[in-house]
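Participant: prediction below, plus the sequence it came from.
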Amino acid sequence: MDIGLKPVFLWTDILIWLLVVVAILGARYSARQPHLRRPWQRVMRSPMAMGSALILLLFLLVALLDSLHYRPALDGRGADGEVHYAVEVRSVLDDLLRPIQAANEKTYSAPLAAQGLVREFVGEGVSARRDYPRLAHGGAHLDDPNQRHADVLQRSEQGAYAGVFVWLIIAVVWWVWSRRGRARTQPDSAELHASRRVYQGVLAVALILCVVGGIGFMLASSYHVFGTDKVGQDVLYQAIKGVRTGLVIGTLTTLVMLPFAIVLGVAAGYFRGWVDDVIQYVYTTLNSIPGVLLIAAAVLLIQVYIDQNPQLFETTAERADLRLLFLCLILGVTSWTGLCRLLRGETLKLRELEYITAAQSFGVSSTRILSRHILPNVLHVVLITVVLDFSGLVLAEAVLSYVGVGVDPAMISWGNMINAARLEMAREPVVWWTLAAAFLFMFALVLAANLFSDVVRAAFDPRLQRQGE
């Protein structure tokens, strides 16, 4: 049956959804293990952690919607009677953002503007004059551009009221659901106070998100909230599309890094001797190579391979995706050494404990000791390092794209937006909104990740727990 589209499975799409499945299975496993469930319960009792988690979930939802790709069918059929599909690869997020994606202008326009940024000849014949031209979409509903300020204020108020209304619905639903949960469990006063603090903290973050979202939705329907770039594309659309690239860099790089760090770090600390010497030599040698040079060389190699084998890729999106995947691989290969060192030191300490020595005396195999005693006791180090490194990897993409060895220039990312804004900041008048949009979205993601990781670190670090007691 012809459904009018052809699904496209990019490598990063598959890995993202696989990572979501692994995270769900890991959450179910943690819920069944008391030593893992208790720290996560401490995290869930923190208003700051849950508020940050709400923001991270919103970013994750955007990335997942942007990871469902397809190619739409072209109108009509070919001479052979077969359905032909467009070269352009779209996603579900593109369909949701189609109104602002399709609202293109000729060139630059400022945020919430109704006229162009540069004077042009307007009119014909003797009435021609140099003036700021009206935009095709931004403020096109206005009879007079001077009405823009009052219209923006009115739409902002309407959006704020709509956001508060949605927030009230969420608050009532959560309140009813939490009351039913308390009626079943009958928590004590301390737990009730903690849940009330979480409830208030999350609702405060949800109120901000609902109000900002409502205002943004009302303004984006008639204006370019963050203006347009050199080719007239909406900058808000680019900033939202950059969410997926940032999360892919932060999560898939971790997926590549963990096997190297865990296996080699635990093996070096437990077996010691020549195994420890070889592993230390490997990561010391790797650390002696400048990371940027290694990444640049690897990215240039994959780019040469892509250019020499165009027949392997049907679309531009597949070529850009392969470069993104390879960038994640090389970042993972160059960033596992820090976690490996931490795990080696932690394993060296655990190896000398009494219960490990007793297990060795009773003839328990090394494989069983590593899987049952060593690995579960170093998971907190792995978890803390992963959540702390996530924000650094998101920033790394921006830096690498800025120097030209990051993601493909055809792929929308915050790094490419910052790179494009480098020359725009030097022109007159200054085009600052591309840089501002990328900065705001990156700042929100990194700040939420850092706040969440601080609470996770405090909950899982045994030393901090002992100090709190």
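Facilitator: The structure has been received and is ready for your questions. Numbering: from 1, shown residues only.
Participant: tell me the SS of the nearest residue to Leu388 once chain neighbours are set aside?
Facilitator: Distances taken as CB to CB, 6 or more residues apart in numbering put Ser453 closest to Leu388, at 5.0 Å, once the chain neighbours are dropped. Using the backbone N, CA and C atoms, a C-beta is placed for each residue, glycine as well. On the three-state scheme (DSSP: H, G, I helix; E, B strand; the rest coil), Ser453 is labelled helix.
Participant: could you pull out the strands for the chain?
Facilitator: Taking DSSP state E as the test, the strands found in the chain are 5-8, 69-72, 90-91, 120-122, 129-131.
Participant: check contacts around the residue nearest in space to the middle of the chain.
Facilitator: The centre of the chain sits closest to Leu247, judged by CA atoms, centre = their mean, with a distance of 2.6 Å. Contacts for Leu247 were tallied using CB atoms under 8 Å, 6 or more residues apart in numbering; they are 16, 59-60, 63, 394, 445.
Participant: out of those, which one sits closest to Gly291?
Facilitator: Val394 (16.1 Å; CB to CB).
Participant: which ones are touching that closest one?
Facilitator: The contact partners of Val394, by CB under 8 Å, 6+ apart, come to 246-247, 249-250, 442, 445-446, 449.
Participant: 6 Å instead?
Facilitator: For Val394, the contact set (CB atoms under 6 Å, 6 or more residues apart in numbering) comprises 246, 250, 446.
Participant: quick one: buried ones out of these?
Facilitator: Buried by 16 or more other CB atoms under 10 Å: 246, 250, 446, out of the contacts of Val394.
Participant: and the residue lying closest to the last one once chain neighbours are set aside, how many neighbours?
Facilitator: The spatial neighbour of Val446 that comes closest, neighbours along the chain excluded (CB to CB, 6+ apart), is Ser391 at 4.3 Å. Using other CB atoms under 10 Å, Ser391 has 20 other residues around it.
Participant: hang on, the earlier thing: how much space separates the residue nearest to Leu388 from Leu56?
Facilitator: 10 Å (CB to CB, to the nearest Å).
Participant: more crowded one of those two?
Facilitator: More neighbours surround Ser453 than the other of Ser453 and Leu56, with 21 against 18 (other CB under 10 Å).
Participant: about what we covered before: adding distance to Gly26 and pLDDT, write the contacts of Leu247 out as JSON lines.
Facilitator: Below are the contacts of Leu247 laid out as JSON lines (distance: CB to CB, whole Å; pLDDT from 0 to 100):
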{"residue": "Ile16", "distance to Gly26": "15", "pLDDT": "88"}
{"residue": "Phe59", "distance to Gly26": "19", "pLDDT": "93"}
{"residue": "Leu60", "distance to Gly26": "15", "pLDDT": "92"}
{"residue": "Ala63", "distance to Gly26": "18", "pLDDT": "92"}
{"residue": "Val394", "distance to Gly26": "21", "pLDDT": "76"}
{"residue": "Leu445", "distance to Gly26": "22", "pLDDT": "89"}
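Participant: can I get the residues you listed in CSV including distance to Gly332?
Facilitator: Listed next are the contacts of Leu247 as CSV, based on distance: CB to CB, whole Å:
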residue, distance to Gly332
Ile16, 15
Phe59, 21
Leu60, 20
Ala63, 18
Val394, 14
Leu445, 20
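Participant: ok, of those residues, which one's closest to Val364?
Facilitator: Looking across the contacts of Leu247 and measuring by CB to CB, the closest to Val364 is Ile16, at 38.8 Å.
Participant: wait, the closest one sits on Leu65?
Facilitator: No: taking CB atoms under 6 Å as the definition, Ile16 is not a contact partner of Leu65, at 11.2 Å.
Participant: more neighbours: which of the two?
Facilitator: Taking other CB under 10 Å, Ile16 and Leu65 do not tie; Ile16 has more neighbours (21 against 18).
Participant: how about that one: what's its closest non-neighbour residue?
Facilitator: Ser67 (4.9 Å).
Participant: where's Leu117 relative to Phe9, distance?
Facilitator: 41 Å.
Participant: neighbour count winner among those two?
Facilitator: Higher neighbour count among Leu117 and Phe9: Leu117, with 18 against 12, using other CB under 10 Å.
Participant: ramachandran angles for the more buried one?
Facilitator: Leu117 adopts backbone torsions of phi -90, psi -30, taken as degrees, to the nearest 10.
Participant: excluding its backbone neighbours, what's nearest Ala444?
Facilitator: Ile55 (6.5 Å).
Participant: that neighbour touches Ala448, doesn't it?
Facilitator: Yes: using CB under 6 Å, Ile55 is in contact with Ala448, at 4.1 Å.
Participant: show me where the stretch 51-200 of the chain has its helices.
Facilitator: For the stretch 51-200 of the chain, applying DSSP state H, counting those that start in this stretch gives helices covering 92-96, 98-102, 148-185, 189-220.
Participant: sorry, back to before: overlap in contacts of Ile16 and Leu65?
Facilitator: Counting by CB under 6 Å, 6+ apart, nothing touches both Ile16 and Leu65.
Participant: pLDDT below threshold where in the protein?
Facilitator: 1-3, 76-81, 122-128, 180-194, 461-469 (pLDDT under 70).
Participant: domain assignment for it?
Facilitator: 110-223, 240-468 (automatic domain parsing).
Participant: from the middle of its chain, how far away would the shortest one be?
Facilitator: When you say that, I think you mean domain 110-223. 22 Å (CA atoms, centre = their mean, to the nearest Å).
Participant: endpoints of it, how far apart?
Facilitator: 10 Å (CA to CA, to the nearest Å).
Participant: one more: stretch 362-381?
Facilitator: Span of stretch 362-381 from end to end, CA to CA: 28 Å.
Participant: what's the spacing between that stretch and its chain's center?
Facilitator: Distance, stretch centre to chain centre, for stretch 362-381: 33 Å (CA atoms, centre = their mean).
Participant: okay, buried residues for it please.
Facilitator: 369-370, 373-375, 377-378, 380-381.
Participant: which one of these is nearest to Leu300?
Facilitator: Val381 (34.6 Å).
Participant: report the contact partners of that closest one.
Facilitator: 342, 346.
Participant: among the strands of the chain, which comes closest to Pro39?
Facilitator: It's strand 90-91; of the strands of the chain, that one is closest to Pro39 (CB to CB) at 35.7 Å.
Participant: need the residues that contact the closest one.
Facilitator: Outside of strand 90-91, the residues within contact range by CB under 6 Å, 6+ apart are 66, 68-69.
Participant: selecting buried members of these in ChimeraX, what would you type?
Facilitator: The buried residues among these can be selected in ChimeraX (16+ other CB under 10 Å) with this line:
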select :66,68,69
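Participant: can I get the contacts of strand 90-91 in JSON lines including distance to Pro99?
Facilitator: Output for the contacts of strand 90-91, formatted as JSON lines (distance: CB to CB, whole Å):
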{"residue": "Asp66", "distance to Pro99": "16"}
{"residue": "Leu68", "distance to Pro99": "19"}
{"residue": "His69", "distance to Pro99": "20"}
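Participant: and which of the contacts of strand 90-91 is nearest His149?
Facilitator: Among the contacts of strand 90-91, Asp66 lies closest to His149 (CB to CB), at 33.9 Å.
Participant: so the closest one sits against Arg244, correct?
Facilitator: Yes: at 4.1 Å, Asp66 counts as touching Arg244 under the criterion of CB under 6 Å.
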